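>>> Dropping a prediction and its sequence here:
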Amino acid sequence: MAPEIIKGTGHSRGADWWSLGALLYEMLCGRPPHYNRDRQQMLRDIVEKEIPMKPYFSAEASALLKVLLERDTKKRIGYSDADAEEIMAHPFFASINWDDIAK
């Protein structure tokens with residue numbers, strides 16, 4: 001859940017990009033970025049605590065996760081009018097041929 005949803009400050013598609021970051025993080029290491037058995041603590045951590053990047057994440061993966069899991073929605077990748085294209089152009093996806101995927 002994106003910080004803006006937890007805080008109840010309103011949200012837009014940026015919350016979806018946060019969710020993508022959380023999903024990618026979990027796929028790379030097996031746990032969500034702020035996992036805690038105590039749900040209330042986990043929600044506090046999402047709003048307040050820095051996200052630890054695992055040492056085995058590639059530089060590109062860490063860079064993408066940092067901009068997807070940015071708490072300030074205006075600084076979060078995908079916030080601009082370019083939307084998903086901004087994310088698709090990130091170096092993490094350099095080997096992806098998006099035209100092939102669309103076909």
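Okay, I see it. Residues are numbered from 1 along each chain as shown.
>>> name the element the residue lying closest to residue 11 once chain neighbours are set aside belongs to?
Leaving out its chain neighbours, the residue that sits closest to residue 11 by C-beta to C-beta, 6 or more residues apart in numbering is residue 4, at 4.6 Å. In this view, the C-beta of every residue, glycine as well, is placed from N, C-alpha and C. Assessed by DSSP states H and E, residue 4 sits inside helix 3-7.
>>> Tell me the first helix or strand C-terminal of that helix.
Assigned by DSSP H and E, the successor of helix 3-7 is helix 14-29.
>>> outside of that following helix, which residues touch it?
With contacts defined as C-beta atoms under 8 Å, 6 or more residues apart in numbering, helix 14-29 is touched by 1-5, 32-33, 51, 54, 56-57, 61, 64-65, 68-69, 73, 76-79, 87.
>>> try stretch 34-49
1-3, 6-7, 51, 71.
>>> Neighbours of the nearest residue to residue 68 once chain neighbours are set aside, how many?
The shortest distance from residue 68 to any non-neighbouring residue, by C-beta to C-beta, 6+ apart, is to residue 21 (2.8 Å). Close neighbours of residue 21, defined as other C-beta atoms under 10 Å, add up to 24.
>>> swap in residue 33?
The local packing of residue 33 (other C-beta under 10 Å) involves 22 other residues.
>>> Check residue 84 too.
Residue neighbour count, defined by other C-beta under 10 Å, stands at 14 for residue 84.
>>> what do you get for residue 94?
The burial count for residue 94: 8, using other C-beta under 10 Å.
>>> show me the contacts for it.
If you count contacts by C-beta under 8 Å, 6+ apart, then residue 94 has residue 60 around it.
>>> again, only this time at 6 Å
Counting by C-beta atoms under 6 Å, 6 or more residues apart in numbering, residue 94 makes contact with nothing.
>>> Narrow the contacts of stretch 34-49 to just the buried residues.
1-3, 51, 71 (16 or more other C-beta atoms under 10 Å).
>>> I'd like the contacts of stretch 34-49 as JSON lines, with distance to residue 91 and pLDDT appended.
As requested, the contacts of stretch 34-49 are arranged in JSON lines below (distance: C-beta to C-beta, whole Å; pLDDT from 0 to 100):
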{"residue": "1", "distance to residue 91": "27", "pLDDT": "91"}
{"residue": "2", "distance to residue 91": "24", "pLDDT": "94"}
{"residue": "3", "distance to residue 91": "25", "pLDDT": "95"}
{"residue": "6", "distance to residue 91": "30", "pLDDT": "94"}
{"residue": "7", "distance to residue 91": "31", "pLDDT": "92"}
{"residue": "51", "distance to residue 91": "19", "pLDDT": "93"}
{"residue": "71", "distance to residue 91": "22", "pLDDT": "93"}
